[in-house]
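Colleague: Sequence and computational prediction follow.
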Amino acid sequence: MIFEKRTERILVPMFFMVALFLPLFLESNSFFVGKVTTIIILSIFVMSLDFLVGRVGLITLGHALFYGLGGYLFVILAPEYEAVNFWIYTFYICGISALIALITGAVVLRTTGIYFIMITLAISQMMFYYFFDSLEFGGDDGVFIFMKPETSIFGLSFLNLDDPQHFYYLTLFSLFNTLVFFKVVLRSRFGRIVEATKQNPDRTEALGYNIFIFRLACYVIGSTLGAYAGFLFALQYGFVNPSFLAWEMSGTALVMSILGGLGTIYGAILGTFTYEGLQYLFEHLTEEWLLFMGSAIILMVIVLRKGIAGYLEKLLEK
Amino acid sequence: MANDIVLETEALSKHWGGIKALNDISLQFHDRQLHGVVGPNGAGKSTLLNMLCGSLKPTSGCIFHKGERIDTLKPWKFVRRGIGRSFQKTNIYPEATCIENCAISAQRRFGGNFNLFVSRHSNKLVRKAAEQALAQVGLESRSDTVAAEISYGEQRQLEIAMVLATDPCILLLDEPMAGMGHEESQRIIELLKELKQTYCIVLVEHDMDAIFELSDQLTVLDNGRHLITGTVDEVRNDPRVKEAYLGAEEDDAEEEAA
Ligand SMILES: Nc1ncnc2c1ncn2[C@@H]1O[C@H](COP(=O)(O)OP(=O)(O)OP(=O)(O)O)[C@@H](O)[C@H]1O
Ligand SMILES: [Mg+2]
């Protein structure tokens, strides 16, 4: 069983059951379907960050670089007025993102601690300003995506990305796969060494493991999934702009992951939904929602300590 | 005789700014022998082991393993050549169980370290090697206990089990018995006696009785200098050694006399 904790075994099926039937109840309200779709996409992004920060021990402030890349790579690669194949472009985008992660990772992972935080931030800011100033990619306005990809496999098409419900199920399916993937990887032999490296890097090296390679592999995995989330987000809204790779994006995702319970993986879903839920609530209650939002987050992080997942585990595990 | 030298240092030095932690050390370590290293606090014993296992780079001088120069290699390559070390300051995975601590150590040599999908528990060989290492130090009953929760002495035992699980040919042990009870120490002494039949062991230890009992060769370091290397009797009767110890610590000197 890849879900080792009781909390996970209760929460994960519960969440996906509710999520599976949600569009049926919200049929008349496509705004909510869209909103939940966005939060699910964000959850994938936050989960990939949670893996890197909470499980590998790589505190990156530049994860949004890949979120943005996911979107920009699509507009760079795909012809403007032609529907390309979704699966093939997912493959391209993930492949190129993985390559970019491999190259940037080989540089940033030479540093540790505060230097790692700074250099990841610097690289993502560099890309931010590159796209911000680029005429070709619309500067700070970004680029529109006029044609959504089609999704046929061997001529068979069962998914229409223009249909919000179809798109919703695609993102939900992606989130589920991401969760299972991370869980499997962390339980694997590879995962054992990743866990060891996080707990005690010096000892792991003294035991003969090249910890640089393990970290690099994780960096590539996490970054690629982050890019995939960015790609989905760009498809949902039909545009991509520099705010995708702004540092605020990395920062918010980090807060969501801490709020959910750093390193718990499934906590990323809890954190993202709670954060977005609170924001929605405060936005509709008051003009000064940012103030309330900030206070609420700080309070929750202080009171819960190990995040929402940590709190629930305290209740549910014996 | 010459061809059973497995590890050799040549004019090895380590300086930190003005501190000469080790100066011009040339030593030879033989296969199937236990080589003791003693010296007062700050003599440079740990520094020597840190360089022998690759985690510290020498300021000058070289290290040879079976005739090949190794001091320029990355630390993790040392273990692949069969050089394993234990730490003076307990260095384990506190959140993992004892068996998992040893499994992490053992897994490297069985391959599949980059297998993302197969469960870590599926390899019976890793599990067996880990169990064997725990049994060697007498920790089998603690197998499923989290390492942070066992006693300090037991953590010292685990520390040794983790080195054994890497299946080394050269064992570098930094004060393995420090902090252990008498019974556990005795057990480790017996284990080392058995292991030195097949391995090369470099043992740093403050317990003089243990060192005298176990060592085939004994080196005394003092203040970064190499004082003497010889058999236990040669070292015991050397006037320079007595001087170094009398100059350093009272109780060490008493042990020396005893
Ligand atoms: N990282 C470091 N930076 C500066 N000086 C160091 C460092 N590590 C060790 N030293 C110095 O090098 C000298 C030798 O230290 P080392 O730890 O090798 O001694 P030791 O023989 O193992 O002593 P002990 O018996 O206390 O373990 C000491 O004077 C110590 O202060
Ligand atoms: Mg020492």
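Modeller: Everything's here; your move. All figures in this text were calculated on a predicted structure; none of them were measured in a lab. Ligands and ions are numbered 1, 2, ... in the order given.

Colleague: And the pLDDT at residue 31?
Modeller: No chain in the question, so chain A it is. For residue A:31, the pLDDT comes out at 86.

Colleague: sorry, should have said chain B
Modeller: For residue B:31, the predicted pLDDT is 91.

Colleague: cool, and the one 5 residues further on?
Modeller: Here, the pLDDT recorded for residue B:36 equals 94.

Colleague: Just give me the neighbour total for the closest residue to it other than its chain neighbours.
Modeller: Nearest non-adjacent residue to residue B:36, counting by CB to CB, 6 or more residues apart in numbering or on different chains: residue B:215, 3.5 Å away. For the C-beta atoms, the positions are set from N, CA and C on the backbone; glycine is no exception. Each residue near residue B:215 was counted by other CB atoms under 10 Å in any protein chain shown, and the total is 23.

Colleague: May I have the residues that are in contact with residue B:215?
Modeller: B:34, B:35, B:36, B:203, B:232 (CB atoms under 8 Å, 6 or more residues apart in numbering or on different chains).

Colleague: Would you point out which residue of the stretch 151-300 of chain A is nearest ligand 1?
Modeller: residue A:202 (13.0 Å; CB to the nearest ligand atom).

Colleague: now the helix or strand that contains that residue, how far from the centre of its chain.
Modeller: Per DSSP states H and E: residue A:202 is located in helix A:201-206. Averaging C-alpha positions (CA atoms, centre = their mean, to the nearest Å) puts helix A:201-206 29 Å from its chain's average.

Colleague: Give the next helix or strand downstream of it.
Modeller: helix A:211-237.

Colleague: can you tell me the average pLDDT over that next one?
Modeller: So the average pLDDT for helix A:211-237 ends up being 97.

Colleague: next one: stretch B:49-60
Modeller: For stretch B:49-60, mean pLDDT is 93.

Colleague: Let me see the residues that make contact with stretch A:90-109.
Modeller: A:58, A:60, A:62, A:65-66, A:69-70, A:73-74, A:77, A:116, A:119-120, A:123, A:212, A:215-216, A:219-220, A:223-224, A:226-228, A:231.

Colleague: ok, back up a step: so what does the helix holding residue A:202 touch, helix or strand wise?
Modeller: Where contact means 3 or more CB pairs under 8 Å, 6 or more residues apart in numbering or on different chains; DSSP states H and E, helix A:201-206 is packed against helix A:189-199, helix A:211-237, helix B:75-80.

Colleague: Could you export those helices as TSV, including mean neighbour count and distance to residue A:280?
Modeller: Below are the helices and strands packed on helix A:201-206 laid out as TSV (neighbours: other CB atoms under 10 Å in any protein chain shown; distance: least, CB to CB, whole Å):
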stretch	mean neighbour count	distance to residue A:280
helix A:189-199	22	34
helix A:211-237	23	17
helix B:75-80	20	49
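
Colleague: could you dump those to JSON lines with distance to residue A:32?
Modeller: What follows is those, written out as JSON lines (distance: least, CB to CB, whole Å):
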{"stretch": "helix A:189-199", "distance to residue A:32": "36"}
{"stretch": "helix A:211-237", "distance to residue A:32": "14"}
{"stretch": "helix B:75-80", "distance to residue A:32": "52"}
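
Colleague: nearest to residue A:151, of those?
Modeller: Closest approach to residue A:151 among those (CB to CB): helix A:211-237, 10.8 Å.

Colleague: ok and that closest one relative to helix A:189-199, angle-wise?
Modeller: 100 degrees (axes from the mean of the first three to the mean of the last three CA atoms, to 10 degrees).

Colleague: Show me which residues of the helix holding residue A:202 are buried.
Modeller: For helix A:201-206, burial by neighbour count (16 or more other CB atoms under 10 Å in any protein chain shown) applies to A:201, A:203, A:204, A:205, A:206.

Colleague: related to what we said a few turns ago, out of the contacts of residue B:215, which sit inside helices?
Modeller: residue B:232 (DSSP state H).

Colleague: Just flag the most distant two among the contacts of residue B:215.
Modeller: B:203 and B:232 (12.5 Å).

Colleague: Which neighbours do these two have in common?
Modeller: Shared contacts of residue B:203 and residue B:232, defined by CB under 8 Å, 6+ apart, are found at B:36, B:215.

Colleague: Am I right that residue B:172 sits in a strand?
Modeller: Yes - according to DSSP: H, G, I helix; E, B strand; the rest coil, residue B:172 belongs to a strand.

Colleague: pretty sure it is touching residue B:166, no?
Modeller: No - with contact defined as CB atoms under 8 Å, residue B:172 does not count as touching residue B:166 (11.5 Å).
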